[in-house]
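1. quick one, what's the 3D model for this:
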Amino acid sequence: MEWITDPQIWISFLTLTVLEIVLGIDNIVFISIQSAKLPVEQQKKARQIGLLLALVMRVLLLFSIKWVMGLTAPLINLSEWFDWHNEKYARYFVLSGRDLILFIGGLFLIYKSTTEIHHKVEGEVEATSTTKKVVSFSSIIIQILILDLVFSLDSVITAVGMVDQIGVMIASVVVAVGIMLLSAESISKFVNDYPSVKMLALAFLLLIGVSLTAEAFDQHIPKGYIYFAMAFSVLVEYLNIKSQKKALKKKENG
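-> Numbering: from 1, shown residues only. Now for the predicted structure:
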């Protein structure tokens, strides 16, 4: 029980928990957008299942640390496939199992985000409950599961790089997902209630998709830049929404 009085473990736990929450933002945004396609009575269930699957996947990956770290070993050398031996760029085309998962997941996220943005830009009217295209609960969960794997892998590799004790890693992941579960409904409501915020969220997911794809080729884009840009954009949009509401209220009172 010495760990209870070890400040280093508590600092590691708190730092990793905060980092896991930040890394989970894109997970929540994707789940929120996908679950909104379901009937209202199924949306909360889809969000909960999606986040619980994320928790289970993260814990399973933590217990398979040896296998996870093995995913960082070179698996495919594209430069040899195409007989390209330029040493300056060859290293970018040596892909590991992790790189392939990030690449496929990034392409999937780009595709989903671009498709959704296309629908919005084309001005397609949001379908009513009577005309809405039928989307099965299982198909939404499968899509969430695919992205859960990508985000979980990224999350676990980050955890392994920061902390040595598996107990601290699991505790951090459980607490982080618990906080995500509590905040998922309010985030989902905010994203889906305002079309402009939903567009920003889709743009955010598109950027994350590009970031994951680039990372597969050893081109690391610091996520802090993306998170800051999106947080700033959401803040500006929030102020815009507040000002519009006040202007409308004054007009009604006037």
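2. helix or strand with the lowest mean pLDDT in the chain?
-> When the helices and strands of the chain are scored by mean pLDDT, DSSP states H and E, helix 87-90 comes last with a mean of 66.
3. ok, then the element right after that one?
-> Using DSSP states H and E, the helix or strand that follows helix 87-90 in sequence is strand 94-96.
4. can you name the next helix or strand after that next one?
-> Sequence-wise, the next helix or strand downstream of strand 94-96 (DSSP H and E) is helix 97-121.
5. relative orientation of the following helix or strand past that following helix and helix 97-121 in degrees?
-> Later in the chain than helix 97-121, the nearest helix or strand by DSSP H and E is helix 137-162. Angle between the axes of helix 137-162 and helix 97-121 is 130 degrees (criterion: axes from the mean of the first three to the mean of the last three C-alpha atoms, to 10 degrees).
6. which intervals of the stretch 1-150 of the chain have sub-threshold pLDDT?
-> 1-6, 66, 68-69, 81-92, 123-134 (pLDDT under 70).
7. in the biggest helix by length in the chain, what's buried?
-> Ordering each helix of the chain by length in residues (DSSP state H) puts helix 223-253 first. Buried residues in helix 223-253, defined by neighbour count with 16 or more other C-beta atoms under 10 Å: K223, I226, Y227, M230, S233, V234. In this view, the C-beta of every residue, glycine as well, is placed from N, C-alpha and C.
8. now stretch 142-156
-> By neighbour count on 16+ other C-beta under 10 Å, the buried set for stretch 142-156 is 143-144, 146-156.
9. residues in contact with that stretch?
-> Contacts of stretch 142-156 with the rest of the structure, by C-beta atoms under 8 Å, 6 or more residues apart in numbering, involve 20, 23-24, 26-27, 30-31, 34-35, 46, 49-50, 53-54, 57-58, 61-62, 65, 68, 71, 98, 101-102, 104-106, 108-109, 112, 169, 173, 212.
10. among these, which ones are in helices?
-> 20, 23, 26-27, 30-31, 34-35, 46, 49-50, 53-54, 57-58, 61-62, 65, 68, 98, 101-102, 104-106, 108-109, 112, 169, 173, 212.
11. apply the buried test to the contacts of stretch 142-156 and list what passes.
-> Buried among those by 16+ other C-beta under 10 Å: 20, 23-24, 26-27, 30-31, 34-35, 46, 49-50, 53-54, 57-58, 61-62, 68, 71, 98, 101-102, 104-106, 108-109, 112, 169, 173, 212.
12. and N77, bridged to which residues?
-> With DSSP bridges as the criterion, N77 is bridged to V94.
13. that one contacts V94, correct?
-> Yes. N77 sits in contact with V94 when judged by C-beta atoms under 8 Å, with a separation of 5.1 Å.
14. in CSV, list the buried residues of helix 223-253 along with distance to S138.
-> Listed next are these as CSV, based on distance: C-beta to C-beta, whole Å:
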residue, distance to S138
K223, 31
I226, 31
Y227, 31
M230, 30
S233, 34
V234, 31
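15. out of those, which one sits closest to N253?
-> Nearest to N253 among these: V234, at 28.5 Å, using C-beta to C-beta.
16. leaving out the residues flanking it, which one is nearest to that closest one?
-> Computed as C-beta to C-beta, 6 or more residues apart in numbering, the closest residue to V234 that is not its neighbour in sequence is L200, at 6.1 Å.
17. count of residues packed around that neighbour?
-> Neighbour count for L200, taken as other C-beta atoms under 10 Å: 18.
18. before we move on, what about D193?
-> D193 has 10 neighbouring residues, counting by other C-beta under 10 Å.
19. where's it relative to K251, distance?
-> For D193, the distance to K251 equals 21 Å [C-beta to C-beta, to the nearest Å].
20. repeat for I28
-> As defined by C-beta to C-beta, I28 lies at a distance of 35 Å from K251.
21. my guess is the residue nearest to V234 contacts S233. True?
-> Yes. Between L200 and S233 there is a contact under C-beta under 8 Å: 5.4 Å.
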